[in-house]
Structures are given as structure tokens and as C-alpha cells.
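> Predicted model and sequence follow; I will ask about them next.
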Amino acid sequence: MKIKMFIPIALVLCLAFSLCACGTASNTNSTTTAPATTTAAATEATTTAPATTAAATTAATTEAEDNDAEASFTENDALELVENTYELTENNLFYVIRGTYEVDGVSYYAIDMRKSLEHNTTYISTYFVTLDGSEILKGYIADEVGYIGTEKPSIDVNEDNAVKIVEAAYDFEEGCFLTYRGVEEIDGTTYYVVDLRKSLEVNTTYLGSYFVKADGTEIVDGYYEGDTAVLAE
């Protein structure tokens, strides 16, 4: 009777030892695998991150340097550079800042050369200065478009834009205004005529006329004697 009771107890103990052995093996495998995975991921992250950060830092630094270089050279600096590079030979000529213009995809400071007349000033040409001051290019601005070169660009003149072309070419004193007069052919050349008038207290007075060539390349001062157009010499 004692022997029969001992056998079941021995079986229970054997089963318990077997379960403990399996649990220990499982824990051993888990502990061995986890550190290997964690170490590989950490190593990859540590290797990649500095390279990306360095590239971003270099790009940001380069862009900041370019912006500082442009910001340090202003349109007033461009005006002074043109004045010192191209000295004016006539007392009635002067330079004025026009603004920033883009020509063929490049931005420039535009510095106009203008000429003082009796009742106004007239546009002569433009110097285009790169935003860092490294280069000066001569050109023109016609119909608010910038052109680089020594040849003045042509513009199609008509009744609708003749006054605007004269307005863009001249700065008039206070009280002066323009009116379109008509078309004149003088010595085989077609001109669109724009009159300059000035407001007085109770009326207006005629000051002269501007004869705009049909291709827009030249504006000639003149006047009328009766119905006869006269070009200034």
C-alpha cells in the first residue's frame, strides 16, 4: 500500500522538473535575441543621423551666407557704385534709383540716367547692377520691361499707349499734364503726337508737344505753329 502511494508522488515531481526546464530554456532564448536586435537598430540610427544633420546644416549655412551677401549691398550702394563708375559729363544729367528688375531670370538694381529739361526731366538709359554689386550692365527699360544692351528696344506705339510712353519717359513738374493730339508724318517718319499742357488758376496753357516714333525708339520734342508741326533741333 505504501509503494502504490509513492509512485504517483514521484510522477508529479518529474513533471514539475520538466516544466521548470522548459521555462528556463525559453527565457534563455528570449534574453539572447533581444539585445542583438536592439544593438543593431541603435547602431544604424547613430550612424545615419549625423550625416543627415550635417548636410542640412551645410545647406542652411550656405543659404544664410548668400542672403547676407545680398543684404549687405543695397540699392543705395548700387547708386553710389554707378555714380563712381560712370561720371556724368553734363550738369543737367543725374542718376536716380528706379527699383529692382528681373532681366532674363536675374535680379538687378536698376539705376536710371535722366536729364533735366525746362519743365521736366527725361529718361536716357538704365544701368543694371547685380544684387551683390559684382557687375554693372547697361540697358534700357521700355514699357516696364528691362533690356540689357546698347540698342534701345522698339515698342509698338498707338493712340492708346502714346501718352503712357511719354509719361514713362518724363517726370513733369506739378500742374503739368498730357493729352493725345494725333498722328503726324514728318519727312517720311510717322509720329504719334502728345501735347504737354499746364493747369493755371482759371484755364490751361499749351507748353509744347512730344513726337513719338511709331516704333517707340525715340521721342522728339517739338511744338506747333498754327497747324504746322515743328521738331526741335
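Cool, the structure landed.
> just checking, next helix/strand downstream of the helix or strand where Thr121 lies?
Secondary structure from DSSP states H and E places Thr121 in strand 120-130. Sequence order places strand 136-142 as the next helix or strand after strand 120-130, per DSSP H and E.
> Tell me the bridge partners for the nearest residue to Leu88 once chain neighbours are set aside.
Leaving aside its sequence neighbours, Leu88 sits nearest to Phe94 (Cβ to Cβ, 6 or more residues apart in numbering; 6.9 Å). Backbone N, C-alpha and C define where each C-beta goes, glycine included. Following DSSP bridges, Phe94 is listed with bridge partners Arg114.
> wait, doesn't Ser116 sit right on Phe94?
Yes - using Cβ atoms under 8 Å, Ser116 is in contact with Phe94, at 7.1 Å.
> ok, back up a step: what does the strand holding Thr121 rub up against?
By Cβ atoms under 8 Å, 6 or more residues apart in numbering, the residues outside strand 120-130 that reach it are 78, 81-82, 86, 93-95, 98, 101, 103, 106, 108-115, 135-141, 146, 148, 152, 168-173, 176, 196, 219.
> Run the angle between it and strand 136-142 for me.
130 degrees (axes from the mean of the first three to the mean of the last three Cα atoms, to 10 degrees).
> all helices in this structure, in order from the N-terminus.
2-71, 75-85, 162-169 (DSSP state H).
> burial of the closest residue in space to Asp171 that isn't next to it in sequence, as a residue count?
Spatial nearest neighbour of Asp171, excluding adjacent residues (Cβ to Cβ, 6+ apart): Thr121 at 4.6 Å. Thr121 has 19 neighbouring residues, counting by other Cβ atoms under 10 Å.
> start the count at 349, not 1, going forward
With 349 as the first residue, the last one maps to Thr469.
> Distance of Thr469 relative to Glu549?
With distances taken as Cβ to Cβ, to the nearest Å, Thr469 is found 25 Å from Glu549.
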